[in-house]
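*Asks:* turn this into a structure:
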Amino acid sequence: MQRCQWITGQPDFYVNYHDHEWGKPIHDDQKLFACLVLELFQAGLSFKTILNKRANFETAFAHFAIAQVAQFTTVDVERLMQDAGIVRHRAKILAAITNAQCIVKLQAQGQTFADFVWQFVDNQVIDHQITTMATIPTSIPAAQQLQKALKQAGFKFVGEKTVYAFMQAAGLVNDHEITCAFHG
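*Replies:* Residues are numbered from 1 along each chain as shown. Down below sits the predicted model:
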């Protein structure tokens, strides 16, 4: 089976992520939040590291229950700072909580997080028709627009590359190589 070049030689858990999750369109707020949390923790690190700790992140962040994470207190922050199973980075922990609070605000205004992010791709997956790893972009105008909107809505730790990686992971863009069996 042919896969994207970047997954060649990677451990089974990473290949499984590529095959069954990466680039699959997500329209569920909680799953999108989970994806955003993992991508913001990935900033500056290998995603393999984050993926390897995903079960720990899930437990530490209340299974990514948005309303629950939005209510985390300083006690929770300190608990997370002591949790060796996750990346203990105070600014990223605080950003995850703030981002949950921002999603709660969007929802209170009658907008889902899914509707908020998908509007930047006109509710359609952008397929870049990637031919080689060298042609995978690190950002696109839609990511720049989404990043700006996220920041305006109060989201934290949403740099342009993080937002684009989130869009790739959440299936807003299809950056599987066209020869990959999972290009779809």
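
*Asks:* ok, and what's touching stretch 84-97?
*Replies:* Under the contact criterion CB atoms under 8 Å, 6 or more residues apart in numbering, stretch 84-97 has outside partners 37, 40-41, 43, 45, 49-50, 53, 56-57, 59-61, 69-70, 72, 76-77, 80-82, 155-157. Glycine gets a C-beta too; all of them are placed from N, C-alpha and C.

*Asks:* sorry, wrong one. I was asking about stretch 24-36.
*Replies:* By CB under 8 Å, 6+ apart, the list of residues contacting stretch 24-36 reads 58, 64-66, 69, 99-100, 103, 107, 112-114, 117-118, 125, 158, 166, 169-172.

*Asks:* can you rerun that using 6 Å?
*Replies:* Identification of contacts with stretch 24-36 by CB atoms under 6 Å, 6 or more residues apart in numbering yields Phe64, Ile66, Thr112, Phe113, Ala114, Val125, Phe166, Ala169, Ala170, Gly171.

*Asks:* reformat those as a markdown table; add neighbour count, secondary structure and distance to Gln2.
*Replies:* As requested, these are exported to a markdown table (neighbours: other CB atoms under 10 Å; DSSP: H, G, I helix; E, B strand; the rest coil; distance: CB to CB, whole Å):
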| residue | neighbour count | secondary structure | distance to Gln2 |
| --- | --- | --- | --- |
| Phe64 | 22 | helix | 32 |
| Ile66 | 23 | helix | 37 |
| Thr112 | 15 | coil | 36 |
| Phe113 | 24 | helix | 34 |
| Ala114 | 20 | helix | 31 |
| Val125 | 16 | coil | 20 |
| Phe166 | 26 | helix | 26 |
| Ala169 | 24 | helix | 21 |
| Ala170 | 25 | coil | 24 |
| Gly171 | 22 | coil | 20 |
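
*Asks:* and which of the residues you listed is nearest Thr8?
*Replies:* Using CB to CB, Ala169 is the member of the contacts of stretch 24-36 that sits closest to Thr8, with 19.1 Å.
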